[in-house]
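In: A predicted structure for the sequence below; I have some questions about it.
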Amino acid sequence: MRTDLYQGHDYYNMDDLLSEEHKLIRETARAWVKQEVSPIIEKAFEDGKFPRHLLKGIGEIGGFGPYIPVEYGGAGLDQISYGLIMQELERCDSGLRSTSSVQSSLVMYPIWKYGNEEQRMKYLPKLATGEMIGCFGLTEPDHGSNPGGMTTNFKDMGDHYLLNGAKMWISNAPFADIAVVWAKDESGRIHGLVVERGMEGFSTPTMGGKWSLRASDTGELIFEDVKVPKENLLPNKSGLGAPLGCLDSARYGIAWGAIGAALDCYDVALRYSKERIQFDRPIAGFQLQQKKLAEMITEITKAQLLTFRLGQLRNEGKATSAQISMAKRNNVDMAINIAREARQILGGMGIINEYPIMRHMMNLESVITYEGTHDVHLLITGLDITGENAFK
Amino acid sequence: MKILVCISKAPDTTSKIAFKDNNTAFDENGVQFIVNPYDEWYALVRAIELKEAQGGSVTTITVGGADNDPIIRKALAIGADDAIRVDMEATDAFQVASEIAAKAKEGGFDLVLCGKETINNNGAVVGGMLAELLDAPYIPLATKLDVSGTTAEITRDIAGGEEVLTAQLPVVISAAKGMAEQRIPNMRGIMAARSKALNVAAPAGTEASTEVKSYSLPPAKGDCTYIDAENPAELIKKLHEEAKVI
């Protein structure tokens, strides 16, 4: 890959809305990415392996649970800060952001919100530094968009729970130390359990053959009569709303992250269009290329405004799940379209790994369907505005 | 050991440069500012390394308005203990050096570090003026710095080699590339910076001794003409008849 020349783009002076600390957090994440990740990301993607040596650095820049309170090892930052970190990580690679947002929103968040004090103190400080890595088990082979249909279950055996079932498409699973697993009790109610690596009957086979998120490790979680100590059940919330609350946080991070991927594609395409000479002039001077570039920055700017406002609402505790769905859906769709248009501006150069565009495009094919598919998020908006449930 | 590091802001290297007020002032509109890289990457980081190894404290000092606070907070996030901002809009290097000297005398610092130059005006004179005002030795363009007891050992690049010097503290040193490696602040540092002291100090009131008459940009680059390496006669002809330089 070429030297990472990325510059942010801020057409509507959104930076005026950020605090100096927000900008420093963003600058820090960007500088770390350029120094530590950009030089190796193409190789990691090609090899299909998450570069685990980055975990400590992600922790140091606040990439693990930045909004978790300081007493639990987090940074106690606001939601805009979290979003900015996600934006900078996904600006480099969606897989990098996935590792960070899974740990933050799907592992640390439920332990913080639904766990008891002992569980918070046991897990959160180590998760914040990256010394411990977690994953989130909700999706099953036969239950993706319909997580409420899950079959993974646990039985009360008196002094422990007995967990059985299987989860699929789990980011970080192959190397996670713990898994926050959602399973039904004997009455059919969904609860969160912290399953630790090493528990007998618990395995995490790696899923291969991905053409997307190749720099992120994905696996299965298999539970065969796993004895889970009773103190590992998250006591403070149950029902499908519990995992969906985590997904709200994660999807919010994705909304920011997608802007990062789009910005990188736009940045590369804009620079390339000014340097690439055809018919004795830079291709940036041709109307069809200008249309692509102008529409890209327009869509990015709209997404930035939408997402910043969503961040304010999150800070105030007022963002609804439906509002988050709208932003996740809009921004990922925006990013994938920009990746495709940017690829065309680069012509043949757009398909090789000297430039990041094709990698972003392939990654976004996952992002557009994980954590709620593009279609499901549309139905969430539809339900919200009409009151009519079109899911079933 | 008490270390003082002079920090100033500079336009990001990708900024578009423009002037205002009849070309007598730099137009800061839309410009992103960074910590001057020589101050940050080399002077500040080496100061922090010395403090980490030997104890002591690192204070930064900046002459300027509140618009400098973001870059000062970054220096605190990287690891400086506290900061002084002399609240005045200085327009020349002597003013800056005089104001820093006044505070440096009050603070009784053992070591004063600055970058070899600031990348906006590239004056590279504050360090020398400051040393003179403090009646301390000045060693510019240092690529290596160690301190043992009250003796500083400094390495400088010279034509064809290196020069190693020693000097008794207090000493003023300007840092060049090689003295340290850039440190990216971490989240702990950013959080800690919130509560570190950024002391805004009244200026001693030094008057500027120079006035900017005008700034101008370098002439735009002309078109590039390629000449076949096998055809030196054409090169000579163009240099003679078109460029008129020979």
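Out: On my side now, so go ahead.
In: Checking residue A:317 next. Helix, strand or coil?
Out: coil (DSSP: H, G, I helix; E, B strand; the rest coil).
In: nope, residue A:228 is what I was after
Out: Relying on three-state DSSP, one would call residue A:228 strand.
In: Just give the number of residues close to it.
Out: Other residues near residue A:228 come to 23 when the count uses other C-beta atoms under 10 Å in any protein chain shown. In short, each C-beta sits where N, CA and C put it, glycine included.
In: Quick check: end-to-end length of stretch A:119-138?
Out: 20 Å (C-alpha to C-alpha, to the nearest Å).
In: Equivalent analysis for stretch A:283-292, please.
Out: The first and final residues of stretch A:283-292 sit 12 Å from each other (C-alpha to C-alpha).
In: Tell me which residues of that stretch come out buried.
Out: Buried residues in stretch A:283-292, counted by 16 or more other C-beta atoms under 10 Å in any protein chain shown: A:283, A:284, A:289, A:292.
In: Check stretch A:315-324 too.
Out: Buried residues in stretch A:315-324, defined by neighbour count with 16+ other C-beta under 10 Å: A:319, A:321, A:323, A:324.
In: In helices only, show me these.
Out: A:321, A:323, A:324 (DSSP state H).
In: Quick check: bridge partners of the nearest residue to residue B:197 once chain neighbours are set aside?
Out: Counting by C-beta to C-beta, 6 or more residues apart in numbering or on different chains, residue B:82 is the residue found nearest to residue B:197 once chain neighbours are left out, at 4.3 Å. Using DSSP bridges, the bridge partners assigned to residue B:82 are residue B:59.
In: Quick one: residues contacting residue B:82.
Out: B:57, B:59, B:60, B:76, B:196, B:197, B:198, B:199 (C-beta atoms under 8 Å, 6 or more residues apart in numbering or on different chains).
In: Which single one of the ones in helices among the buried residues of stretch A:315-324 is nearest to chain B?
Out: Using C-beta to the nearest C-beta, the shortest approach to chain B within those belongs to residue A:324, at 24.5 Å.
In: isn't that closest one right next to residue A:307, touching?
Out: No. In this structure residue A:324 lies outside contact range of residue A:307 using C-beta atoms under 8 Å: 10.1 Å.
In: Please state the backbone phi and psi of the nearest residue to residue A:116 once chain neighbours are set aside?
Out: Nearest non-adjacent residue to residue A:116, counting by C-beta to C-beta, 6+ apart: residue A:235, 5.5 Å away. Phi and psi for residue A:235, reported as degrees, to the nearest 10, are phi -90, psi -20.
In: Tell me the spacing between residue A:235 and residue B:141.
Out: Going from residue A:235 to residue B:141 by C-beta to C-beta, to the nearest Å gives 63 Å.
In: Please identify which of those two sits among more neighbours.
Out: For residue A:235 versus residue B:141, the count of surrounding residues by other C-beta under 10 Å is larger for residue B:141: 20 against 13.
In: Might you report the residue contacts of the closest residue in space to that one that isn't next to it in sequence?
Out: Sequence neighbours aside, residue B:176 is the residue nearest to residue B:141 in space, at 4.6 Å (criterion: C-beta to C-beta, 6+ apart). By C-beta under 8 Å, 6+ apart, the contact list for residue B:176 reads B:38, B:42, B:116, B:141, B:142, B:143, B:156, B:157.
In: ok, these vs residue B:18, which is closest?
Out: Residue B:18 lies nearest to residue B:38 out of those, by C-beta to C-beta, at 23.8 Å.
In: Just the element for residue B:234, please.
Out: In the assignment (DSSP states H and E), residue B:234 maps to helix B:232-241.
In: Just the residues contacting that helix, thanks.
Out: B:225, B:227, B:228, B:245, B:246.
In: Among those residues, which pair sits farthest apart?
Out: Pairwise distances across the contacts of helix B:232-241 (C-beta to C-beta) peak at 19.9 Å, for the pair B:228 and B:245.
In: What about residue B:144, how many residues nearby?
Out: Counted with other C-beta under 10 Å, residue B:144 comes out at 17.
In: And it, how far from residue B:241?
Out: Distance of residue B:144 to residue B:241, computed by C-beta to C-beta: 52 Å.
In: Could you look up the SS state of residue A:169?
Out: Assigned by three-state DSSP, the conformation of residue A:169 is strand.
In: Just give the closest residue to it, not the sequence neighbours.
Out: residue A:139 (5.0 Å).
In: distance of that neighbour from residue A:347?
Out: To residue A:347, residue A:139 is 38 Å away according to C-beta to C-beta.
In: now residue B:129
Out: Going from residue B:129 to residue A:347 by C-beta to C-beta gives 55 Å.
In: who's more crowded, these two?
Out: residue B:129 (20 against 12).
In: how deep is the closest residue in space to that one that isn't next to it in sequence tucked in, by neighbour count?
Out: Sequence neighbours aside, residue B:97 is the residue nearest to residue B:129 in space, at 3.5 Å (criterion: C-beta to C-beta, 6+ apart). By other C-beta under 10 Å, 27 other residues sit near residue B:97.
In: dump the residue contacts of residue B:97.
Out: Contacts for residue B:97 (C-beta under 8 Å, 6+ apart) come out as B:125, B:126, B:129, B:130, B:133.
In: Model confidence for it, exactly?
Out: Residue B:97 carries a pLDDT value of 97.
In: ok, now how distant is the closest residue to chain A within chain B from residue A:342?
Out: Scanning chain B for proximity to chain A using C-beta to the nearest C-beta identifies residue B:187 as nearest, at 3.5 Å. For residue B:187, the distance to residue A:342 equals 32 Å [C-beta to C-beta].
In: same deal with residue A:106?
Out: 30 Å.
In: okay, these two: which has more neighbours?
Out: Set residue A:106 next to residue A:342 and count neighbours by other C-beta under 10 Å: residue A:342 wins out with 29 against 26.
In: Would you double-check that the more buried one falls in a strand?
Out: No. With three-state DSSP as the criterion, residue A:342 is assigned helix and is not in a strand.
In: thought it was touching residue A:357?
Out: Yes. If you go by C-beta under 8 Å, residue A:342 and residue A:357 touch, sitting 5.1 Å apart.
In: overlap in contacts of the two?
Out: The contact sets of residue A:342 and residue A:357 overlap at A:265, A:268, A:269, A:350 (C-beta under 8 Å, 6+ apart).
In: give me the element the second one is part of.
Out: In this structure, residue A:268 sits in helix A:241-275 according to DSSP H and E.
In: Quick one: mean pLDDT over that helix.
Out: The average pLDDT within helix A:241-275 is 97.
In: Spell out whether that helix and chain B are in contact.
Out: No. Legend: contact between helix A:241-275 and chain B by C-beta under 8 Å from any C-beta of the partner chain is lacking; minimum distance shown is 11.1 Å.
In: Now do the buried residues in stretch A:3-13.
Out: So for stretch A:3-13, counting by 16+ other C-beta under 10 Å, buried means A:4, A:6, A:8, A:9, A:10.
In: wait, I meant stretch A:18-33
Out: Result for stretch A:18-33 [16+ other C-beta under 10 Å]: buried residues A:18, A:21-33.
In: quick one, longest strand in chain B?
Out: In chain B, with assignment by DSSP state E, the single longest strand is strand B:138-148.
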